[in-house]
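In: Here's my sequence, what's the structure:
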Amino acid sequence: MMCAANDEHLADDLVLGIWAAIVLLGAVRECDDAADLAGIVSKAERILSGVIPHLARLASVGLSTSEQAAFH
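Out: The predicted structure follows:
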């Protein structure tokens with residue numbers, strides 16, 4: 001079982017990863033070059049693909065006490 005510090009670190013990493021993907025997708029609006037566009041979308045996909053398994057684990061085992069406290 002993960003300790004609270006590791007849970008908090010994981011939660012921080014997940015939020016930062018999702019935020020990075022959102023920022024990248026926002027940059028797509030300003031992109032004129034198809035190659036750059038493909039690269040940006042690909043990077044966002046890789047970030048989200050890395051985040052999803054961790055979110056699925058959290059959904060299946062539930063939030064730890066420290067994670068629950070972060071939402072209150």
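
In: what's near enough to touch G17?
Out: 47-48, 50-51 (C-beta atoms under 8 Å, 6 or more residues apart in numbering). Where you see a C-beta, it was placed from the backbone N, CA and C, and this is true even at glycine.

In: ChimeraX command to pick out the buried ones of those residues?
Out: To isolate the buried members of these in ChimeraX, using 16 or more other C-beta atoms under 10 Å:
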select :47,48,51
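
In: now the contacts of G17 in JSON lines, with secondary structure?
Out: Formatted as JSON lines, the contacts of G17 follow (DSSP: H, G, I helix; E, B strand; the rest coil):
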{"residue": "I47", "secondary structure": "helix"}
{"residue": "L48", "secondary structure": "helix"}
{"residue": "G50", "secondary structure": "helix"}
{"residue": "V51", "secondary structure": "helix"}
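
In: Need the contacts of G17 in a markdown table (columns: pLDDT and distance to V23).
Out: Formatted as a markdown table, those follow (pLDDT from 0 to 100; distance: C-beta to C-beta, whole Å):
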| residue | pLDDT | distance to V23 |
| --- | --- | --- |
| I47 | 94 | 10 |
| L48 | 94 | 12 |
| G50 | 92 | 16 |
| V51 | 92 | 14 |
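
In: low-scoring pLDDT stretches of the protein, where are they?
Out: Within the chain, the ranges that satisfy pLDDT under 70 run 1-5, 63-72.

In: which residues of this protein fall in helices?
Out: For the chain, the helices defined by DSSP state H occupy 4-28, 34-61, 65-70.

In: sorry, back to before: mind picking the one among the contacts of G17 that's closest to L14?
Out: When those are compared for distance to L14 (C-beta to C-beta), V51 wins out at 5.5 Å.
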